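Novice: Have a look at this fold, sequence not included:
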(Lines give C-alpha, C1' and ligand atoms only; values in the text may rest on other atoms or scores of the structure.)
Protein backbone atom coordinates (compact mmCIF):
# COMPACT_ATOMS: atom_id res chain seq x y z
CA UNK A 1 0.00 0.00 0.00
CA UNK A 2 1.20 3.49 -0.85
CA UNK A 3 0.45 6.65 1.14
CA UNK A 4 -2.48 7.63 -1.09
CA UNK A 5 -4.22 4.37 -0.23
CA UNK A 6 -4.66 5.55 3.35
CA UNK A 7 -6.60 8.58 2.12
CA UNK A 8 -8.81 6.22 0.11
CA UNK A 9 -9.37 4.11 3.22
CA UNK A 10 -10.05 7.14 5.43
CA UNK A 11 -12.62 8.54 3.00
CA UNK A 12 -14.18 5.17 2.14
CA UNK A 13 -14.58 3.89 5.68
CA UNK A 14 -15.65 7.33 6.85
CA UNK A 15 -18.39 7.28 4.22
CA UNK A 16 -19.41 3.76 5.22
CA UNK A 17 -19.62 4.79 8.90
CA UNK A 18 -21.67 7.87 7.99
CA UNK A 19 -24.05 5.71 5.90
CA UNK A 20 -24.66 3.15 8.66
CA UNK A 21 -25.05 5.79 11.38
CA UNK A 22 -27.42 7.91 9.28
CA UNK A 23 -29.58 4.89 8.39
CA UNK A 24 -29.84 3.78 12.04
CA UNK A 25 -30.77 7.30 13.20
CA UNK A 26 -33.27 7.72 10.35
CA UNK A 27 -35.00 4.43 11.18
CA UNK A 28 -35.34 5.40 14.84
CA UNK A 29 -36.67 8.91 14.12
CA UNK A 30 -38.80 8.14 11.07
CA UNK A 31 -37.13 10.85 8.98
CA UNK A 32 -33.82 11.27 7.22
CA UNK A 33 -30.99 12.33 9.55
CA UNK A 34 -27.58 13.38 8.22
CA UNK A 35 -25.51 12.04 11.10
CA UNK A 36 -22.15 13.43 10.06
CA UNK A 37 -20.51 16.07 12.19
CA UNK A 38 -19.11 17.58 9.01
CA UNK A 39 -21.31 18.88 6.25
CA UNK A 40 -20.35 16.12 3.82
CA UNK A 41 -21.08 12.38 3.96
CA UNK A 42 -18.19 11.50 6.24
CA UNK A 43 -17.82 10.19 9.80
CA UNK A 44 -14.45 11.14 11.27
CA UNK A 45 -14.52 8.55 14.06
CA UNK A 46 -15.37 5.65 11.75
CA UNK A 47 -12.68 6.58 9.23
CA UNK A 48 -9.93 7.04 11.82
CA UNK A 49 -10.92 3.93 13.76
CA UNK A 50 -10.94 1.75 10.66
CA UNK A 51 -7.53 3.06 9.51
CA UNK A 52 -5.99 2.46 12.95
CA UNK A 53 -7.39 -1.07 13.04
CA UNK A 54 -6.08 -1.81 9.54
CA UNK A 55 -2.67 -0.43 10.51
CA UNK A 56 -2.58 -2.63 13.62
CA UNK A 57 -3.56 -5.78 11.74
CA UNK A 58 -1.04 -5.08 8.96
CA UNK A 59 1.88 -4.91 11.40
CA UNK A 60 1.19 -8.11 13.30
CA UNK A 61 -0.83 -11.26 12.68
CA UNK A 62 -3.58 -11.29 15.29
CA UNK A 63 -6.37 -13.67 16.27
CA UNK A 64 -9.96 -12.60 15.68
CA UNK A 65 -10.52 -12.20 19.42
CA UNK A 66 -7.69 -9.66 19.59
CA UNK A 67 -9.15 -7.83 16.57
CA UNK A 68 -12.52 -7.65 18.30
CA UNK A 69 -11.00 -6.46 21.59
CA UNK A 70 -8.95 -3.80 19.79
CA UNK A 71 -12.01 -2.62 17.85
CA UNK A 72 -14.07 -2.38 21.05
CA UNK A 73 -11.38 -0.33 22.77
CA UNK A 74 -10.94 1.93 19.76
CA UNK A 75 -14.71 2.53 19.59
CA UNK A 76 -14.86 3.72 23.20
CA UNK A 77 -11.62 5.72 23.04
CA UNK A 78 -12.52 7.54 19.83
CA UNK A 79 -15.99 8.37 21.11
CA UNK A 80 -14.89 9.77 24.47
CA UNK A 81 -11.73 11.40 23.13
CA UNK A 82 -13.73 12.94 20.30
CA UNK A 83 -16.32 14.30 22.76
CA UNK A 84 -13.50 15.74 24.87
CA UNK A 85 -11.88 17.48 21.90
CA UNK A 86 -15.20 18.89 20.66
CA UNK A 87 -16.08 20.17 24.11
CA UNK A 88 -12.73 21.95 24.43
CA UNK A 89 -12.89 23.41 20.92
CA UNK A 90 -16.54 24.45 20.79
CA UNK A 91 -17.55 24.44 24.47
CA UNK A 92 -20.40 22.00 23.80
CA UNK A 93 -21.30 18.47 24.85
CA UNK A 94 -22.11 16.00 22.09
CA UNK A 95 -23.80 12.72 22.94
CA UNK A 96 -23.31 10.40 19.98
CA UNK A 97 -25.18 7.44 21.45
CA UNK A 98 -28.71 8.85 21.77
CA UNK A 99 -30.05 7.02 18.70
CA UNK A 100 -28.42 3.65 19.42
CA UNK A 101 -30.18 0.71 21.10
CA UNK A 102 -30.45 1.01 24.90
CA UNK A 103 -29.44 4.68 24.64
CA UNK A 104 -29.32 6.67 27.87
CA UNK A 105 -28.87 3.52 29.96
CA UNK A 106 -25.88 2.00 31.71
CA UNK A 107 -25.56 -0.46 28.81
CA UNK A 108 -25.03 2.21 26.13
CA UNK A 109 -21.23 2.06 26.12
CA UNK A 110 -21.21 -1.76 26.19
CA UNK A 111 -23.61 -2.03 23.25
CA UNK A 112 -21.60 0.45 21.17
CA UNK A 113 -18.35 -1.36 22.02
CA UNK A 114 -19.77 -4.75 21.01
CA UNK A 115 -21.10 -3.34 17.74
CA UNK A 116 -17.70 -1.77 17.12
CA UNK A 117 -15.96 -5.08 17.83
CA UNK A 118 -18.17 -7.04 15.44
CA UNK A 119 -17.68 -4.38 12.78
CA UNK A 120 -13.91 -4.62 13.30
CA UNK A 121 -13.90 -8.38 12.69
CA UNK A 122 -15.94 -7.92 9.49
CA UNK A 123 -13.60 -5.13 8.40
CA UNK A 124 -10.35 -7.04 8.85
CA UNK A 125 -11.51 -10.50 7.79
CA UNK A 126 -13.82 -9.67 4.88
CA UNK A 127 -13.82 -6.06 3.69
CA UNK A 128 -10.14 -5.03 3.90
CA UNK A 129 -8.73 -7.95 1.82
CA UNK A 130 -11.25 -7.16 -0.93
CA UNK A 131 -10.37 -3.44 -0.78
CA UNK A 132 -6.62 -4.16 -1.02
CA UNK A 133 -7.21 -6.35 -4.08
CA UNK A 134 -9.26 -3.59 -5.65
CA UNK A 135 -6.59 -0.95 -5.00
CA UNK A 136 -3.84 -3.17 -6.41
CA UNK A 137 -5.68 -3.15 -9.74
CA UNK A 138 -5.70 0.66 -9.89
CA UNK A 139 -2.63 2.36 -11.46
CA UNK A 140 -0.48 4.31 -9.02
CA UNK A 141 -1.05 7.57 -10.89
CA UNK A 142 -4.83 7.26 -10.41
CA UNK A 143 -4.43 6.23 -6.78
CA UNK A 144 -2.34 9.33 -6.04
CA UNK A 145 -4.52 11.68 -8.10
CA UNK A 146 -7.80 10.52 -6.58
CA UNK A 147 -6.18 10.50 -3.14
CA UNK A 148 -5.20 14.15 -3.50
CA UNK A 149 -8.73 15.08 -4.61
CA UNK A 150 -10.24 13.22 -1.66
CA UNK A 151 -7.83 14.89 0.75
CA UNK A 152 -8.69 18.33 -0.64
CA UNK A 153 -12.41 17.60 -0.35
CA UNK A 154 -12.08 16.44 3.26
CA UNK A 155 -10.03 19.50 4.23
CA UNK A 156 -12.51 21.90 2.60
CA UNK A 157 -15.41 20.14 4.29
CA UNK A 158 -13.61 20.32 7.63
CA UNK A 159 -12.91 24.05 7.24
CA UNK A 160 -16.51 24.88 6.24
CA UNK A 161 -17.87 22.84 9.16
CA UNK A 162 -15.57 24.56 11.66
CA UNK A 163 -16.66 27.97 10.36
CA UNK A 164 -20.33 27.01 10.76
CA UNK A 165 -19.82 25.73 14.30
CA UNK A 166 -17.99 28.93 15.21
CA UNK A 167 -20.89 30.94 13.81
CA UNK A 168 -23.31 28.86 15.90
CA UNK A 169 -21.38 29.74 19.05
CA UNK A 170 -21.49 33.45 18.23
CA UNK A 171 -25.24 33.32 17.61
CA UNK A 172 -25.79 31.46 20.90
CA UNK A 173 -23.79 34.10 22.79
CA UNK A 174 -26.11 36.86 21.48
CA UNK A 175 -29.19 34.79 22.28
CA UNK A 176 -27.95 34.15 25.82
CA UNK A 177 -27.62 37.91 26.38
CA UNK A 178 -31.19 38.42 25.17
CA UNK A 179 -32.52 35.72 27.50
CA UNK A 180 -30.66 37.15 30.50
CA UNK A 181 -32.09 40.58 29.73
CA UNK A 182 -35.59 39.10 29.46
CA UNK A 183 -35.15 37.33 32.80
CA UNK A 184 -34.23 40.62 34.47
CA UNK A 185 -37.31 42.31 33.01
CA UNK A 186 -39.54 39.64 34.49
CA UNK A 187 -39.01 40.69 38.08
CA UNK A 188 -42.25 40.97 40.13
CA UNK A 189 -41.87 44.73 40.45
CA UNK A 190 -41.35 45.22 36.73
CA UNK A 191 -44.37 43.13 35.79
CA UNK A 192 -46.71 45.66 37.45
CA UNK A 193 -45.57 48.32 34.99
CA UNK A 194 -47.61 48.34 31.77
CA UNK A 195 -44.75 49.77 29.70
CA UNK A 196 -42.43 47.03 30.94
CA UNK A 197 -45.05 44.41 30.04
CA UNK A 198 -45.10 45.76 26.50
CA UNK A 199 -41.31 45.65 26.40
CA UNK A 200 -41.32 42.07 27.69
CA UNK A 201 -43.67 40.96 24.90
CA UNK A 202 -41.43 42.65 22.33
CA UNK A 203 -38.36 40.96 23.80
CA UNK A 204 -40.12 37.58 23.74
CA UNK A 205 -40.86 37.98 20.05
CA UNK A 206 -37.26 39.02 19.36
CA UNK A 207 -35.81 36.09 21.31
CA UNK A 208 -38.22 33.65 19.70
CA UNK A 209 -37.28 34.90 16.23
CA UNK A 210 -33.57 34.68 17.03
CA UNK A 211 -33.93 31.09 18.32
CA UNK A 212 -35.91 30.14 15.22
CA UNK A 213 -33.19 31.61 13.00
CA UNK A 214 -30.49 29.60 14.76
CA UNK A 215 -32.61 26.49 14.50
CA UNK A 216 -33.13 27.05 10.78
CA UNK A 217 -29.48 27.86 10.03
CA UNK A 218 -28.12 24.83 11.91
CA UNK A 219 -30.99 22.36 11.60
CA UNK A 220 -28.81 19.55 10.28
CA UNK A 221 -26.44 19.50 13.28
CA UNK A 222 -29.23 20.03 15.83
CA UNK A 223 -31.34 17.23 14.34
CA UNK A 224 -28.38 14.87 14.12
CA UNK A 225 -27.32 15.53 17.74
CA UNK A 226 -30.49 16.30 19.75
CA UNK A 227 -28.59 15.89 23.03
CA UNK A 228 -26.13 18.62 22.01
CA UNK A 229 -25.87 21.38 24.60
CA UNK A 230 -23.56 24.39 24.84
CA UNK A 231 -21.37 24.63 27.93
CA UNK A 232 -20.96 28.42 27.80
CA UNK A 233 -24.52 29.23 26.67
CA UNK A 234 -26.80 26.60 28.30
CA UNK A 235 -29.98 28.69 28.33
CA UNK A 236 -29.55 29.67 24.70
CA UNK A 237 -28.98 26.11 23.52
CA UNK A 238 -31.96 24.90 25.56
CA UNK A 239 -34.08 27.65 24.03
CA UNK A 240 -33.10 26.62 20.51
CA UNK A 241 -34.13 23.04 21.27
CA UNK A 242 -37.26 23.59 23.37
CA UNK A 243 -38.21 27.26 23.50
CA UNK A 244 -40.98 27.12 20.92
CA UNK A 245 -43.95 29.44 20.57
CA UNK A 246 -47.23 27.55 20.62
CA UNK A 247 -50.70 28.90 19.84
CA UNK A 248 -51.57 29.54 23.47
CA UNK A 249 -48.38 30.18 25.40
CA UNK A 250 -44.64 30.48 25.20
CA UNK A 251 -42.69 28.21 27.48
CA UNK A 252 -39.26 29.71 27.86
CA UNK A 253 -36.40 27.94 29.69
CA UNK A 254 -34.33 30.12 32.01
CA UNK A 255 -32.72 29.33 35.35
CA UNK A 256 -36.10 27.80 36.17
CA UNK A 257 -38.95 27.22 33.72
CA UNK A 258 -40.93 30.41 33.10
CA UNK A 259 -44.35 30.39 31.47
CA UNK A 260 -45.36 33.63 29.77
CA UNK A 261 -49.04 33.95 28.98
CA UNK A 262 -50.06 34.76 25.43
CA UNK A 263 -51.34 38.15 24.33
CA UNK A 264 -54.93 36.88 24.30
CA UNK A 265 -54.63 35.64 27.87
CA UNK A 266 -53.24 39.01 29.00
CA UNK A 267 -56.11 40.85 27.30
CA UNK A 268 -58.66 38.63 29.02
CA UNK A 269 -57.05 39.43 32.38
CA UNK A 270 -57.16 43.18 31.70
CA UNK A 271 -60.85 43.13 30.74
CA UNK A 272 -61.88 41.05 33.77
CA UNK A 273 -63.85 43.28 36.18
CA UNK A 274 -62.18 43.99 39.49
CA UNK A 275 -63.75 42.43 42.56
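Specialist: Cool, the structure landed. All values reported here derive from a predicted model rather than from experimental measurement.
Novice: for the stretch 1-150 of the chain, what spans make up the helices?
Specialist: Assigned by DSSP state H, counting those that start in this stretch, the helices in the stretch 1-150 of the chain fall at 3-29, 44-59, 64-90, 108-122, 128-136, 140-185.
Novice: need these in TSV with mean pLDDT and distance to residue 211, can you?
Specialist: Every C-beta, even on glycine, is put in place using the N, C-alpha and C of the backbone. Listed next are the helices of the stretch 1-150 of the chain as TSV, based on pLDDT from 0 to 100; distance: least, C-beta to C-beta, whole Å:
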stretch	mean pLDDT	distance to residue 211
helix 3-29	88	21
helix 44-59	85	29
helix 64-90	81	19
helix 108-122	82	29
helix 128-136	90	45
helix 140-185	88	6
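Novice: which residues does residue 141 contact?
Specialist: Contacts for residue 141 were tallied using C-beta atoms under 8 Å, 6 or more residues apart in numbering; there are none.
Novice: could the helices of the stretch 1-150 of the chain go into JSON lines alongside distance to residue 37?
Specialist: Formatted as JSON lines, the helices of the stretch 1-150 of the chain follow (distance: least, C-beta to C-beta, whole Å):
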{"stretch": "helix 3-29", "distance to residue 37": "9"}
{"stretch": "helix 44-59", "distance to residue 37": "6"}
{"stretch": "helix 64-90", "distance to residue 37": "8"}
{"stretch": "helix 108-122", "distance to residue 37": "16"}
{"stretch": "helix 128-136", "distance to residue 37": "24"}
{"stretch": "helix 140-185", "distance to residue 37": "7"}
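Novice: Which of these sits closest to residue 223?
Specialist: Nearest to residue 223 among those is helix 3-29; the distance by C-beta to C-beta comes to 8.1 Å.
Novice: And the closest one, what's buried?
Specialist: Neighbour counts over helix 3-29 (16 or more other C-beta atoms under 10 Å) mark 4-5, 7-18, 21-22, 24-25 as buried.
Novice: Could you look up the SS state of residue 211?
Specialist: Following DSSP: H, G, I helix; E, B strand; the rest coil, the label given to residue 211 is helix.
Novice: Touching, it and residue 239? I think so.
Specialist: Yes. With contact defined as C-beta atoms under 8 Å, residue 211 reaches residue 239; the gap is 4.9 Å.
Novice: Now do the shared contacts for these two.
Specialist: Common contacts of residue 211 and residue 239 (C-beta under 8 Å, 6+ apart): residue 175.
Novice: ok so, going back, residue 224 is nearest to which of the helices of the stretch 1-150 of the chain?
Specialist: Closest approach to residue 224 among the helices of the stretch 1-150 of the chain is made by helix 3-29 (7.1 Å; C-beta to C-beta).
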